[in-house]
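Peer 1: Next come a sequence and a model predicted from it.
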Amino acid sequence: MAAEKAHTEVPGGHGGGFPPFQKDTFASQLFWLVIAFALLYVLISKVALPRVGSIIDARRARIDGDLAAANQLKSSTEEAMASYEKSLVEARSRAQTIGNETRDRLNAEAEKSRKALDEQLNVKLAEAEKTIAATKTAAMTNVRSIAADATGAIVARLIGTAPAESAVASALDSVLKR
Amino acid sequence: MAVDPIHQFQIQNILPITTIGGTQIHLTNSAVYMLVSVAITVILLLGTTTGRRLVPTRMQSLGELSYEFVANTIRSTAGEQGMRFFPFVFSLFMFILVSNMIGLIPYTFTVSSHLIVTAALSLLVFFTVLIYGFYKNGLHFFNLFVPKGIPVYILPLIVFIEVLSFLSRPISHSVRLFANMLAGHITLKVFASFITMLGAMGAVGWAGAILPLGLTVALTALELLVAFLQAYVFTILTCIYLNDALHPGH
């Protein structure tokens, strides 16, 4: 039995009694407690806690720094996005302006050339009308002489004598005037 | 085959060291376990943080966890000013916790199962509070014993009670830790000895030993909790007492 074995190892120096109340052990315990606790306190306050604390602080600083950098990047992204959208709107409105101007200009040019064409056509039309009128006049003149010849010939065949040219001319005039 | 449940608390002299005022100082089993506790604490805190890793290893995060735990305990009970006692409180916590945990290993010795040790630690806290309280607040430290808003005619009684409770603090502070560790270890030993006693009785005894075995396992788990809890209780009471020294005006 382990407890019994350990029991036999007791040097039996402290006499009997309840171990925590054996006064002759107090001096040794206090002596070593002072040494152990003083050693622990010095090591903890001078080395351990500063080191652990600096690690924790460094991590906190790193995290805070990273978060700040991330926020900065985020806001600059948003800025870039906003300026992109702004320039997009500007470009769109400028494109519309250019389109409108071009259309107006082209319309104006088309209108101008259409008017020029109209004038040319009018001139040609007038010339053509003149030619037609001249031709018609000429044709009418020819018709009159042909009609006079035909009238003379027809009358000569009917009555055997050729009518007087003046009678034919007056008869033609009265018909043509109707 | 008597199993002595008290024997585990026996102080054993290993080596005579020196003599102070006619008293022989020995290297004892208790001293060895104190030094081992210190060594383990220092190894835990220093050995695991040499990498200074940004992302801690498991062991490093154990050290950081204990740091944050004690720091938060002080901040919540004694405020930011209490952090000047951080190394002191942290040393107390780690010393008691580690020695309690070591004491749970079979065949080891529990440093805090001796009243002289816990009394020395609680008196250290008591005098720290007393000296720092007078150093920082001067005679205003006596405000600690005079609660505000008390009618004059019962004031003497209240002051008497306050002084008495203040003076009895180191007693309750030390006996709580000492008694918990002592009682827990005795109970464990008694139940564990039932197993061996029953086991010696043959087959029937083996069957009967199952119950104390189960109880011993359960008690070991409980003692693990108690070992931590008592270290924490000692620490938080220390913080509360230090808070009195920092802010005596209730």
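Peer 2: Arrived safely, thanks for sending.
Peer 1: buried sites along the host helix or strand of residue B:241?
Peer 2: Applying DSSP states H and E as the criterion places residue B:241 in helix B:210-246. Across helix B:210-246, burial judged by 16 or more other Cβ atoms under 10 Å in any protein chain shown covers B:212-213, B:215-216, B:219, B:223, B:226-227, B:230-239, B:241-246. Where you see a C-beta, it was placed from the backbone N, CA and C, and this is true even at glycine.
Peer 1: and the longest helix for the chain?
Peer 2: Unless you meant another one, I'm taking chain A. Once chain A is assigned using DSSP state H, the helix that runs over the most residues is helix A:49-159.
Peer 1: Please refer instead to chain B.
Peer 2: Under DSSP H, chain B gives helix B:155-199 as its longest helix.
Peer 1: for chain B, which spans come out with low pLDDT?
Peer 2: Scanning chain B for pLDDT under 70 picks out the ranges B:1-3, B:250.
Peer 1: distance of the residue of it most remote from its centre from chain A?
Peer 2: Distance from the C-alpha centroid of chain B, by Cα atoms, centre = their mean, peaks at residue B:203 (42.0 Å). Distance from residue B:203 to chain A, counting by Cβ to the nearest Cβ, to the nearest Å: 20 Å.
Peer 1: circling back to that earlier point, which residues does whichever helix or strand comes after the longest helix of chain A contact?
Peer 2: Remark: after helix A:49-159, the chain's next helix or strand is helix A:165-177, criterion DSSP H and E. Outside helix A:165-177, the residues within contact range by Cβ atoms under 8 Å, 6 or more residues apart in numbering or on different chains are A:144, A:147, A:148, A:151, A:152, A:155.
Peer 1: go on, stretch B:96-113?
Peer 2: A:2, A:6, A:20, B:8-9, B:29-30, B:32-34, B:36-37, B:40-41, B:44, B:117-118, B:121, B:177-178, B:181-182, B:185, B:220, B:223-224, B:227-228, B:230-232, B:234-235.
Peer 1: what do you get if the cut-off is 7 Å, keeping everything else the same?
Peer 2: A:2, A:20, B:9, B:29-30, B:33-34, B:36-37, B:40-41, B:117-118, B:177-178, B:181-182, B:185, B:220, B:223-224, B:227-228, B:230-231, B:234 (Cβ atoms under 7 Å, 6 or more residues apart in numbering or on different chains).
Peer 1: after the longest strand along chain B, next one along is what?
Peer 2: Longest strand in chain B by number of residues (criterion: DSSP state E): strand B:13-20. Of the helices and strands lying after strand B:13-20 in sequence (DSSP H and E), the nearest is strand B:23-28.
Peer 1: Run the angle between that following strand and strand B:13-20 for me.
Peer 2: 150 degrees (axes from the mean of the first three to the mean of the last three Cα atoms, to 10 degrees).
Peer 1: anything in strand B:23-28 near chain A?
Peer 2: Yes. Strand B:23-28 is in contact with chain A by Cβ under 7 Å from any Cβ of the partner chain, via B:23, B:25, B:26, B:28.
Peer 1: check contacts around the third one.
Peer 2: Pointing back at residue B:26 there. A:28, B:13, B:14, B:15, B:16, B:17.
Peer 1: tell me the pLDDT at residue A:158?
Peer 2: We have a pLDDT of 86 for residue A:158.
Peer 1: Can you tell me the number of residues neighbouring it?
Peer 2: Residue A:158: 9 surrounding residues under other Cβ atoms under 10 Å in any protein chain shown.
Peer 1: Spatially central residue in chain A, please.
Peer 2: residue A:88 (5.0 Å).
Peer 1: Please work out the angle formed by the directions of the one helix or strand residue B:42 maps to and strand B:23-28.
Peer 2: Taking DSSP H and E as the definition, one finds residue B:42 inside helix B:29-42. Orientation check (the same axes, to 10 degrees): helix B:29-42 against strand B:23-28 gives 60 degrees.
Peer 1: buried stuff in helix B:29-42?
Peer 2: Buried residues in helix B:29-42 (16+ other Cβ under 10 Å): B:29-38, B:40-42.
Peer 1: Give me the contact list for it.
Peer 2: Contacts for helix B:29-42 (Cβ under 7 Å, 6+ apart): A:28-29, A:32-33, A:36, A:39-40, A:43, A:48, B:11-12, B:14, B:94-95, B:98-99, B:102, B:108-109, B:111, B:114.
Peer 1: what's the answer for stretch A:25-35, then?
Peer 2: Counting by Cβ under 7 Å, 6+ apart, A:14, B:11, B:20, B:23, B:25-26, B:28, B:30-31, B:34, B:114, B:116-117, B:120 sit against stretch A:25-35.
Peer 1: quick check, nearest of these to residue A:67?
Peer 2: The nearest member of the contacts of stretch A:25-35 to residue A:67, counting by Cβ to Cβ, is residue B:34 at 44.4 Å.
Peer 1: Please name the nearest non-neighbouring residue to the closest one.
Peer 2: residue A:36 (3.8 Å; Cβ to Cβ, 6 or more residues apart in numbering or on different chains).
Peer 1: could you give the mean pLDDT of the strand or helix carrying the one you found?
Peer 2: Element membership for residue A:36, per DSSP H and E: helix A:26-43. Mean pLDDT, helix A:26-43: 92.
Peer 1: Check which residues of it are buried.
Peer 2: Result for helix A:26-43 [16+ other Cβ under 10 Å]: buried residues A:26-29, A:31-33, A:36-37, A:39-41, A:43.
Peer 1: Next one: residue A:10, what pLDDT does it get?
Peer 2: On the pLDDT scale, residue A:10 is placed at 42.
Peer 1: circling back: just the angle for the helix or strand following the helix holding residue B:42 relative to helix B:210-246, thanks.
Peer 2: Per DSSP H and E, the first helix or strand lying C-terminal to helix B:29-42 is helix B:58-78. With the same axes, to 10 degrees as the basis, helix B:58-78 and helix B:210-246 are set at 50 degrees to each other.
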